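**Q** Here's a sequence, model it:
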Amino acid sequence: MVGPVVFFAVFFGYPVTAIVARGLRPDGEWELGHVGEVLADEGIRQVLWFTTWQAAASTALTLLLALPGAYVLARFRFPGKRLLRAVVTVPFVLPTVVVGAAFLGLIGRGGLLDDLWGLRLDTTVWAILLAHVFFNYAVVVRTVGGLWSQLDPRQEEAARLLGAGAFGAWRRVTLPALLPALAAAALMVFLFTFTSFGVVQILGGPGYATLEVEIYRQTAQLLDLPTAAVLTLLQFAAVAAMLGVHGWTVHRRESALRLVDAAATDRPPRGAGERLLLGGVLLSVAALVLLPLGVLIERSLRVPDGYGFAHYRALATTDTGTFVVPPLEAVGNSLRIAAVATLIALLVGGLAAAALTRGAGRLVRGFDAMLMLPLGTSAVTVGFGFLIALDTPPLDLRSSWLLVPLAQALVGVPFVIRVMLPVLRAVDDRLRQAAATLGASPLRAWWEVDLPLVRRALVLAAGFAFAVSLGEFGATVFIARPDEPTLPVAIARLLGRAGEANYGQAMALSTVLMLVCAATLLALERIRPARSGEF
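**A** This next block holds a predicted model:
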């Protein structure tokens, strides 16, 4: 546990504490009275209310639309199943700025629905809710569907033989077993939507703001660090509470159920009802996931006189004046930085997963929750904290290229842990004991016993960390150097500039990022082990 604890203390706890202290201790003394002033502000209370209810509504809508997809991917065998699982995961690893751009092209001014039927949903709460479903669909499908595929279907069949109807058997047998996974998925979706930034800022307009958006406004626009610090602490407390409950549900799910091999539980759909369900899920995925992604491609190819590759060719130049280097260099920068971030995430996450495998109790569950905190902490706070805290020797990293991969690794570590943990827990400890009895050291026992059994899960964890690092935007936008932009940062800069050429190049870069993520996820599906955690 020492390595991960030190890593998170230095590169997460220290920067976040530094930026909060800068806000609440401007003159060296704590000004805690400002907390009451912020909470008494009517505008801040409205932000808190909107943040909470939109997260609850987004979670309910995501569960409603994604649970049928979870069932289909868990229980049915059909051509293209791996491709479908990879496709629905692509939105989750895309940066929120790309998600916002995709929905602007679909439901915004001049978007597809506006061109066809004159329908616009941007600057409405419906745009935010639909984009959140698009972004979090994979969380429900993989978390709930992953467990569903490992539940023995014979238990439900036995209930049917004893006289229960189809719904009654599901309600009495399957639903209780799925409740921990449903709770874990709901908590994760609520967490991601509670801390939503890019989607709300791009699609909601000035009329809507979450805590994360308000932290950004108070920090970057109003330079009001005391208010931003109070809001950061509020969000931090809410996220810590959610992660504590999430850790309890995950522990319950992993310890209270007898699971079977997922390959033995799926079957071809039988009857008109099941085929209709499969068709409905495929149709909903096409509308919720494929259509926004398709809009990205269509907008990247649209030029004044029709369609062509002019925007892609323009990526190799600096004609627009937005960058000091050609935007295409952002592809190489992102791949290189994501590779380094992946190595860091694998090292830290692998050690953490091993520690969590060997221990139990409140201390270990608290350790697990701590490692998940970067997923819900304000990226604005982390980014500014890096700039403020890591500025003196021996941690003067402001001019170092390592700053960005370190920030991206913070986000990648939780995914490594969630993928590796169930696989490591499935390794029979008697194999390690036998190796020790034969004279193997702990390191050699790990090399000879654990590594061969978890190799595929390790590659899967690396792939997810790589894809997530490619799409990290929140903290990277504050610390990326102007001459070394990543793909998400380059896309955000292009979208922030007026003009058709900038917009077209943003769509072209978004398409490149989407295709790289899709190819990575499709390759991972081919090596996905039977027990690969939540993702």
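
**Q** show me the contacts for residue 492.
**A** Applying C-beta atoms under 8 Å, 6 or more residues apart in numbering to residue 492 gives the contacts 97, 473, 477. In this view, the C-beta of every residue, glycine as well, is placed from N, C-alpha and C.

**Q** Would you mind listing where the stretch 201-350 of the chain has pLDDT under the threshold?
**A** Applying pLDDT under 70 to the stretch 201-350 of the chain flags the ranges 246-264, 319-324.

**Q** Helices along that one, start to end?
**A** 211-216, 225-256, 271-285, 291-301, 310-314, 329-358 (DSSP state H, counting those that start in this stretch).

**Q** Highest mean neighbour count out of those?
**A** Compared across those, helix 211-216 shows the largest average neighbour count, a mean of 24 (mean count of other C-beta atoms under 10 Å).

**Q** List the contacts of it.
**A** Under C-beta under 8 Å, 6+ apart, the answer for helix 211-216 is 44, 47-48, 51, 194-197, 200-201, 204, 228, 231-232, 234-235, 378-381.

**Q** Likewise for stretch 7-26?
**A** Applying C-beta under 8 Å, 6+ apart, the contact partners of stretch 7-26 are 30-32, 34, 225-230, 232-233, 236, 348, 370-371, 373-374, 377, 381-382, 384-386, 388-390, 395, 406-407, 409-410.

**Q** chain center to that stretch: distance?
**A** Taking the mean of its C-alpha atoms, stretch 7-26 sits 23 Å from the chain's own mean (C-alpha atoms, centre = their mean, to the nearest Å).

**Q** before we move on, back to that, could the helices of the stretch 201-350 of the chain go into a markdown table alongside distance to residue 451?
**A** Converted to a markdown table, the helices of the stretch 201-350 of the chain look like this (distance: least, C-beta to C-beta, whole Å):
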| stretch | distance to residue 451 |
| --- | --- |
| helix 211-216 | 39 |
| helix 225-256 | 21 |
| helix 271-285 | 36 |
| helix 291-301 | 36 |
| helix 310-314 | 42 |
| helix 329-358 | 10 |
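
**Q** Indicate which one of the ones you listed is closest to residue 76.
**A** Residue 76 lies closest, by C-beta to C-beta, to one member of the helices of the stretch 201-350 of the chain: helix 271-285, at 6.0 Å.

**Q** Quick one: work out the angle between that closest one and helix 291-301.
**A** Angle, helix 271-285 to helix 291-301, by axes from the mean of the first three to the mean of the last three C-alpha atoms, to 10 degrees: 40 degrees.

**Q** counting contacts, what elements does helix 271-285 pack onto?
**A** helix 42-75, helix 81-93 (3 or more C-beta pairs under 8 Å, 6 or more residues apart in numbering; DSSP states H and E).

**Q** Check which element follows the last one along the chain.
**A** Scanning the chain past helix 81-93 towards its C-terminal end, the next helix or strand to appear is helix 96-107 (assignment: DSSP states H and E).

**Q** Show me which positions of stretch 17-28 end up buried.
**A** Residues of stretch 17-28 classed as buried: 18-24 (neighbour count, 16 or more other C-beta atoms under 10 Å).

**Q** nope, stretch 204-223 is what I meant
**A** By 16+ other C-beta under 10 Å, the buried positions in stretch 204-223 come out as 204, 208-219.

**Q** Return the closest of these with respect to residue 449.
**A** residue 212 (43.4 Å).

**Q** Based on its surroundings, how many neighbours for the closest residue to that closest one other than its chain neighbours?
**A** Leaving aside its sequence neighbours, residue 212 sits nearest to residue 197 (C-beta to C-beta, 6 or more residues apart in numbering; 4.1 Å). By other C-beta atoms under 10 Å, the residues close to residue 197 number 22.
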